[in-house]
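J.: Below are the sequence and a predicted model for it; my questions follow.
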Amino acid sequence: MTNNKSAFKRLIDHEVVEDYSLRYAPKSFRRWSPAIVASASLGSIAALFAFAISASLANTVGTTNALIGNLIAMALVVVSSIPIANAISKHNLDMDLLTRGAGFGYIGSTITSLIYATFTFIYMAFEGSIIAQGITGALGIPLSISYIIGVLLIIPLVMFGMTMLSKLQTFTWPIWIILLVIPLLTIYLSGHFTLNDWLSYKGLSNHNSTIIDISEIGLVAGALVSLMVQIGEQADYLRFMKDDSDTNVYAKRIWTFMAGPGFGLFFFLSFAAGTYLAAYTSHYIGTHNNEPYSSFIYVYSMIFPHWLGALLAFLLVVVAQVKINVINAYSGSLSWSNFFSRILHKHYGRFTWLLLQCIIALILMEANVFNEMGALLGFYSNVAVAWIATISADLVINRKLLNIGPDWIEFRRGYMYNINPVGMGSLIVASTISILAYFGYLGAILQPYSPFISIAIALIATPLIAIITGGKYYIKRDPKNDGIHSEQAVSLRECVKCGSKFELRDMLGCSFHRGAVCSLCCTIESKCGEECKYNSQTVIYPLTQQ
């Protein structure tokens, strides 16, 4: 039994498995080119979720309303993601660590870790449902068993983090592109489905008297704007970007944009392709067109024997859904690691939380969450967009325009206030008011636009609270007093608690342990009472002291 435990501990502590899940990504680990990092990050655009949700929305509100709503939502996704992506690639922190320093505080970001984890397992369940539909359709086994197979397929691929995922994503791109283009090109070349047929599609009920309906555009945009949170998953890869001095700066900027905000552009194209496929197949398979496997197998069978069409559709579903669900599972493991490390003051390893992520997603899949995705996303977006809008406002308005807050992103517990009212106040106010609007308490006119109310309030509240508080709650103890600037010095220093060596960016002076400790040991320490922050008489041991 002892051997098994030690083997598991070696697994969860392994550098490649752990992937610096709770830390600054050190320079020594960031060995991939910007293009490879972007390739791994953009695996998210392969998701057939875009085809499922676009079909569902197009069937409800028609093609034109769906496209306009999608355009509005994706414009917000791109704009909100730009400052976050730039900060992540510059400071080499994941979304949780960025959130800590960008207005929320050390404990405040615990709540956003839970919001982010919720995003990842909701989408993992949606994407997992699609792959299960493909498995059931191809092999004829019960859907409940297909759910389990789909989850088990993901675990070994995600276990080894970026090392495995970078190779997986690069290898599967050509397969995905070819399999996706064939059915779309088949419809186009058939000659009996015109551009007008596509754009004039009013949905299965054909209830619209006009092609453009403002309220239905709001419904679509409200459901899709929750994808603002997708920048969190992109950021989990962007943190591995090399320093400017180690790569071509212009290439890094281009790939940072493509891998971060670029997601919104690619999703718009996938969504448009999804409405195109749905409008065509609706005449032949009806509501089954919101199941990507059913739509693709129908079109493939137009040019291939049915058995080959079924095989190609199955292969497309597997490749596409593996590409996206490894990202959902990986990001979920990171967010759970961050959440529980602060709640439990222990770190059980990213692999442990990967298993939890997969279990939760499986439960949602078995509960048939796929059929409720529109309503679920509509509610969830009220809170999610408040979080992202707050971070963007802090990075751009507070720091750049108002010059409030430090010139670096602080994430280490010993240097931070537990709660920063700038981020937490904005999140609470914006999400509360928008949820009231969502349930109709602010009137029927505002109800479809509740996520946009959340964004607007967050953009106003974030700088307002920062001005009122004077930026006091960003830094509790100045790291410069420990002998270094927070953004400099990549030399290694041994942690007096765990004995491992880390770059100084990941270290801090600790009076409780009478020396320098790493950020993770500081996080899981439960006995110190945070004396370094609250007792002015304590002696801090400089990081540069030997």
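T.: That came through, no problem.
J.: In space, what's closest to the most centrally placed residue in the chain - neighbours in sequence excluded?
T.: With distances taken as Cα atoms, centre = their mean, Glu233 lies nearest the centre of the chain, 2.8 Å away. Leaving out its chain neighbours, the residue that sits closest to Glu233 by Cβ to Cβ, 6 or more residues apart in numbering is Ser331, at 4.4 Å. To be clear about C-beta, it is placed using only N, CA and C from the backbone, and glycine gets the same treatment.
J.: How about Phe104?
T.: Nearest residue to Phe104, sequence neighbours excluded (Cβ to Cβ, 6+ apart): Gly423, at 3.6 Å.
J.: and that neighbour, that's in a strand?
T.: No. Counting by DSSP: H, G, I helix; E, B strand; the rest coil, Gly423 is not part of a strand but helix.
J.: How many neighbouring residues does it have?
T.: Neighbour count for Gly423, taken as other Cβ atoms under 10 Å: 34.
J.: Let me know whether it touches Ile107 as I believe.
T.: No. If you go by Cβ atoms under 8 Å, Gly423 and Ile107 don't touch, sitting 11.4 Å apart.
J.: before we move on, the earlier item: so what pLDDT did the residue nearest to Phe104 get?
T.: Per-residue pLDDT puts Gly423 at 94.
J.: and it, how far is that from Val317?
T.: When distance is defined by Cβ to Cβ, to the nearest Å, Gly423 is 39 Å away from Val317.
J.: Quick one: low-confidence residue ranges for the stretch 251-400 of the chain.
T.: Applying pLDDT under 70 to the stretch 251-400 of the chain picks out residues 370-375.
J.: can you map out the helices along it?
T.: Per DSSP state H, counting those that start in this stretch, the stretch 251-400 of the chain carries helices over the ranges 262-285, 292-303, 306-344, 350-366, 373-393.
J.: other SSEs contacting the first one?
T.: Here helix 262-285 touches helix 49-61, helix 63-91, helix 161-190, helix 195-199, helix 230-238, helix 292-303, going by 3 or more Cβ pairs under 8 Å, 6 or more residues apart in numbering; DSSP states H and E.
J.: For those, state which one has the densest average packing.
T.: Highest mean neighbour count of these: helix 230-238, a mean of 28 (counted as mean count of other Cβ atoms under 10 Å).
J.: For that one, name the packing helices and strands.
T.: In terms of contacts (3+ Cβ pairs under 8 Å, 6+ apart), helix 230-238 is packed against helix 34-41, helix 63-91, helix 95-99, helix 108-139, helix 249-259, helix 262-285, helix 306-344.
J.: cutoff 7 Å now
T.: When contacts are defined as 3 or more Cβ pairs under 7 Å, 6 or more residues apart in numbering; DSSP states H and E, helix 230-238 sits against helix 34-41, helix 63-91, helix 95-99, helix 108-139, helix 249-259, helix 306-344.
J.: Please parse the protein into its domains.
T.: If you go by automatic domain parsing, the domain ranges for the chain are 2-469, 479-534.
J.: Tell me which of these lies nearest to Pro542.
T.: Closest to Pro542 of the domains of the chain is domain 479-534 (Cβ to Cβ; 3.7 Å).
J.: Where does pLDDT dip in the chain?
T.: Within the chain, the ranges that satisfy pLDDT under 70 run 1-21, 162, 206-210, 370-375, 483-490, 536-541, 543-546.
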